[in-house]
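Asker: coords below, sequence missing:
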C-alpha cells in the first residue's frame, strides 16, 4: 500500500482524504493551499477556471513558479487563451490528476473559487452533452433578442433553473437551454449531487465584507503595479471568447480599445471583483459540508490542519455543524 504523511505526522494510505480550500476571491486560498501541501506532503490541483490559461497570470493572481516553493501544481497553464474552457474537460483532466497524485502517495490539495469546477471535481456530476450548432443558434438568439427573453424561455420549460440563473447571465442561460433541448430533461436535473466521489474535506475561508473589500482593493493595486495592462496587451490578439470575458481582462480590453479611461477600467475591476466575491459567498454558503475558517486568523494554518486531522480520523462534523457565519 502506498503511504504518505498524515496531518498528525503518521502514515496514511494512498486514498487519504482529499483537502479542498474554497471560498471567495482574495481570501488567501492559494497561500493556505500551498502551506497545507507543504505540511502534508501534498500536490495542488487548481480549481480556478481562469488560472487554466497560459499567460493569464497577473489578472488571476496566479502563484509564480518561484512562489510555489517546489510544490507541484496541476491544472495551471493547460489552455491557450484562444481556447474555451469547459467544465467537462476540466473534470476529466483534474480527476486524472487526483488519481495520479494519490498513486504517488501524495495528498491532493484542491484550491480554487470557481464553484462549478470545484463541484465537478469533487462531487458526483454527470456532464450533459453539448452541441456547437445548438449553442451557436441560442447565442445568436440572445444577441438578437437579449438574454431576458432567453430567461423567459427557460422559465417556461425549467422554472427551477430559471430561478437560479440571473436574467443577464447569457452564458448560463444558453447552456441551460442547450441541455434542455438535447436531453429533454431540466438543466436542474444535471446539477451536482452533494456526494463526494472520494473522501474529501472542504475548508472555506471567510472574512468580514469590509476586510474583504480592502483586500480586493489592494489586490487590484498590485495587479496594476505588476503590469496587468501590458499582460492583456500581449494576449489580446489571440484571446478567445472565454478568456476575453474574464474579470480584469475584459475591463483592460475596453481600456485598450479606447472605450474607457484607465481610472474607469481600474474601478470597474474593483467593483466587479467585489461582486464576484459576493456570488462566491452565496455559492459556497449553500454547501453545509464546508468547514469555515477566518481568513484573518493568525493561527489559520494550525486551524486548517486540525480540520484535516479530524477528517483523517473520521471525525468530520455532521452536515450543517460548521456553517459559515458571514459578517457584515
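Answerer: Yes, it's here. Computed from a predicted model, the values in this text were never measured in an experiment.
Asker: Give me the pLDDT value at residue 187.
Answerer: As predicted, residue 187 sits at a pLDDT of 89.
Asker: Please disregard the earlier target; I meant residue 16.
Answerer: The per-residue pLDDT reported for residue 16 equals 82.
Asker: measure it to residue 243 for me?
Answerer: Look at residue 16 and residue 243: by Cβ to Cβ, to the nearest Å, they are 35 Å apart. Any C-beta I mention is one placed from the backbone N, CA and C, and that applies to glycine too.
Asker: Nearest residue to the residue nearest the centre of the chain in space, please, no chain neighbours.
Answerer: By Cα atoms, centre = their mean, the chain has its centre lying nearest to residue 114, at 1.7 Å. Nearest residue to residue 114, sequence neighbours excluded (Cβ to Cβ, 6 or more residues apart in numbering): residue 49, at 4.2 Å.
Asker: Provide a list of residues in contact with that neighbour.
Answerer: With contact set as Cβ atoms under 8 Å, 6 or more residues apart in numbering, residue 49 has these partners: 85, 90, 112, 114, 117.
Asker: what residues does the helix ranked longest in the chain touch?
Answerer: Criterion DSSP state H: the longest helix present in the chain is helix 262-285. The contact list for helix 262-285 (Cβ under 8 Å, 6+ apart) reads 22-26, 113, 115, 204, 206, 212-213, 216-217, 219-220, 223-224, 229, 247-248, 251-252, 254-255, 260, 290, 323-324, 326.
Asker: which of the residues you listed are buried?
Answerer: Among the contacts of helix 262-285, those classed as buried by 16 or more other Cβ atoms under 10 Å are 22-26, 113, 115, 204, 206, 212-213, 216, 219-220, 223-224, 229, 247-248, 251-252, 255, 260, 290, 324, 326.
Asker: Just to be careful, could you list which of these are in helices?
Answerer: Among these, the members falling in helices (DSSP H) are 115, 212, 213, 216, 219, 220, 223, 224, 229, 251, 252, 255.
Asker: Pop the domain breakdown of this protein in here.
Answerer: 3-125+193-312, 132-190 (automatic domain parsing).
Asker: Check those domains for me and report the most buried one.
Answerer: Stretch with highest mean neighbour count among the domains of the chain: domain 3-125+193-312 (a mean of 18; mean count of other Cβ atoms under 10 Å).
Asker: centre of the chain versus that domain, how much separation?
Answerer: Relative to the chain's own centre, domain 3-125+193-312 is displaced by 5 Å; criterion: Cα atoms, centre = their mean, to the nearest Å.
Asker: Please name the nearest non-neighbouring residue to residue 90.
Answerer: Residue 90 sits nearest to residue 117 (Cβ to Cβ, 6+ apart), 5.6 Å away.
Asker: Please disregard the earlier target; I meant residue 120.
Answerer: Using Cβ to Cβ, 6+ apart, the nearest residue to residue 120 is residue 91, at 4.3 Å.
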